[in-house]
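Asks: sequence below, structure please.
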Amino acid sequence: MKKTLLGLCLAAAATLSAAAGYPEKTVTIVVPFPPGGSTDAIARVVAQKAQEKLGQSFIIDNRAGATGTIGAAFVKRAPADGYTLLVSSLGPFVIAPHLYKGVQYDALKDFEPITILVQAPNVLVVPNNSPDHTVAELLADLKKNPGKVSFASSGVGSSDHLSAELLWQQTGTQGLHVPYKGGGPAISDLLGGQVNAAFVNINSIIGHIKAGKVRALGISSDKRSPLLPDVPTLQEQGVKGAEVQSWQAMVAPKGTPHDVIVKLHDVAVAAMNDPAIKPKLLEQGFEIVGDTPEQFAKYQASEYARWKKLIETRKITAE
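Replies: All right, here's what the predicted structure looks like:
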């Protein structure tokens with residue numbers, strides 16, 4: 001018994017010692033999307049601040065493909081030592097597993113949650129020449145012309161697509177989904193009036209709204225955005241249960257030592273709240289989250305179940 005207890009104490013001491021010295025070499029943060037997007041930008045902020053704080057190199061490895069599942073699967077297979085991490089948007093964590101067959105990881109079991117870094121709502125927008133000035137007018141249009149009012153999205157299963165599906169489900173309407181290969185082409189056609197409406201992440205559309213190029217009808221968060229104080233939420237306009245937040249989060253492979261997770265959590269949250277960084281993120285429409293690993297795990301499980309139900313109910317397929 002004494003030997004067993006001594007062994008446990010020595011093992012615990014070794015773990016603490018390893019965590020105390022972490023990191024002792026370069027840490028790779030995998031971003032499962034191409035450079036230049038919001039997830040990539042958030043990951044680079046974390047990498048820079050972690051490098052400054054911990055005194056080791058933190059590099060970004062963009063492993064794009066299959067809507068983020070390739071990069072996520074790569075991190076799942078990496079050693080659980082804290083030297084390979086994943087920063088991703090919600091897609092690979094709670095949406096893609098329900099859309100694609102053969103995803104090479106279990107989103108709820110194969111990772112150690114660290115923190116949700118930031119979140120941002122989607123904005124329901126229409127072209128400036130649209131006759132619709134409120135959500136009620138758009139819904140009336142949808143009811144009058146079922147399946148004909150077009151909604152652009154950045155792709156099947158994206159948060160902007162699922163926001164539209166939620167709107168239709170919660171209001172008993174049906175629009176026409178027009179998926180694009182990315183947010184850029186979708187916004188371009190929205191600006192040109194080739195589509196009737198779209199849910200667009202606030203980060204991507206705020207400039208066009210303020211420039212008067214599109215009209216914002218509603219916001220998908222549970223409260224108004226400080227950037228668009230005059231734009232009411234969907235809930236304020238009678239649409240219940242359609243709250244959506246896009247989010248970026250950080251995880252490690254399952255089995256990464258708890259003390260390493262704690263150290264990474266503290267550094268990541270501090271990065272998001274850095275006085276030189278936080279105002280810039282807020283100006284882009286991000287809300288700093290910085291929750292605990294336990295809170296993140298609980299939220300991910302609820303989001304996972306929510307999107308699974310919607311995807312099955314709406315019979316959404318991507319293959």
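Asks: spit out the contact partners of the nearest residue to Pro113 once chain neighbours are set aside.
Replies: Nearest residue to Pro113 in three dimensions, chain neighbours excluded: Phe296, at 4.1 Å (Cβ to Cβ, 6 or more residues apart in numbering). Glycine gets a C-beta too; all of them are placed from N, C-alpha and C. Neighbour list for Phe296: 113-116, 249 [criterion: Cβ atoms under 8 Å, 6 or more residues apart in numbering].
Asks: okay, those in JSON lines with pLDDT, neighbour count and secondary structure next?
Replies: Shown next, in JSON lines, are the contacts of Phe296 (pLDDT from 0 to 100; neighbours: other Cβ atoms under 10 Å; DSSP: H, G, I helix; E, B strand; the rest coil):
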{"residue": "Pro113", "pLDDT": "98", "neighbour count": "23", "secondary structure": "strand"}
{"residue": "Ile114", "pLDDT": "98", "neighbour count": "29", "secondary structure": "strand"}
{"residue": "Thr115", "pLDDT": "98", "neighbour count": "24", "secondary structure": "strand"}
{"residue": "Ile116", "pLDDT": "98", "neighbour count": "25", "secondary structure": "strand"}
{"residue": "Ala249", "pLDDT": "98", "neighbour count": "28", "secondary structure": "strand"}
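Asks: what are the phi and psi angles of Ile311?
Replies: When quoted as degrees, to the nearest 10, the phi and psi of Ile311 stand at phi -60, psi -40.
Asks: how many residues are close by it?
Replies: Neighbours of Ile311 under the rule other Cβ atoms under 10 Å: 19.
Asks: skip the chain neighbours and tell me the closest residue to it.
Replies: Leaving out its chain neighbours, the residue that sits closest to Ile311 by Cβ to Cβ, 6+ apart is His98, at 4.5 Å.
Asks: part of a strand, is that neighbour?
Replies: No - assessed with DSSP: H, G, I helix; E, B strand; the rest coil, His98 is helix; it does not lie in a strand.
Asks: show me what contacts it?
Replies: Residues in contact with His98 (Cβ under 8 Å, 6+ apart) are 307-308, 311-312.
Asks: thinking again about what came up before, is the residue nearest to Pro113 in a helix, a strand, or coil?
Replies: Strictly by three-state DSSP, Phe296 counts as helix.
Asks: now it: how far from Gln237?
Replies: Phe296 sits 30 Å away from Gln237, going by Cβ to Cβ, to the nearest Å.
Asks: go through the contacts of Phe296 and name the one nearest Lys263.
Replies: Using Cβ to Cβ, Ile114 is the member of these that lies nearest Lys263, at 9.8 Å.
Asks: isn't the closest one right up against Gln248?
Replies: No - proximity of Ile114 to Gln248 does not meet the contact threshold set by Cβ atoms under 8 Å, at 11.6 Å.
Asks: need phi/psi at Glu236.
Replies: phi -60, psi -30.
Asks: pLDDT score for it?
Replies: Looking at Glu236, its pLDDT reads 97.
Asks: Phe151 pairs with what?
Replies: Phe151 has these beta-bridge partners by DSSP bridges: His177, Ala197.
Asks: report the contact partners of it.
Replies: Contacts of Phe151 by Cβ under 8 Å, 6+ apart are 164, 175-178, 195-199.
Asks: let me know the closest of these to Leu54.
Replies: Relative to Leu54, the closest of those is Phe199; by Cβ to Cβ it sits at 38.0 Å.
Asks: wait, a strand at Gly218?
Replies: Yes - using three-state DSSP, the assignment for Gly218 is a strand.
Asks: hang on, isn't it packed against Val125?
Replies: No - look at Gly218 against Val125 with Cβ under 8 Å: they stay out of range, at 9.1 Å.
Asks: wait, a helix at Asp189?
Replies: Yes - counting by three-state DSSP, Asp189 is found in a helix.
Asks: for it, which non-adjacent residue is closest in space?
Replies: Using Cβ to Cβ, 6+ apart and skipping the chain neighbours, the partner closest in space to Asp189 is Val195 (5.3 Å).
Asks: burial count for the one you found?
Replies: Val195: 22 surrounding residues under other Cβ under 10 Å.
Asks: now swap in Gly147 and tell me
Replies: 12.
Asks: need the contact list for it.
Replies: Contacts for Gly147 (Cβ under 8 Å, 6+ apart) come out as 174-176.
Asks: in JSON lines, list the residues you listed along with neighbour count, pLDDT and distance to Thr69.
Replies: Output for the contacts of Gly147, formatted as JSON lines (neighbours: other Cβ atoms under 10 Å; pLDDT from 0 to 100; distance: Cβ to Cβ, whole Å):
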{"residue": "Gln174", "neighbour count": "16", "pLDDT": "98", "distance to Thr69": "29"}
{"residue": "Gly175", "neighbour count": "22", "pLDDT": "98", "distance to Thr69": "27"}
{"residue": "Leu176", "neighbour count": "17", "pLDDT": "98", "distance to Thr69": "27"}
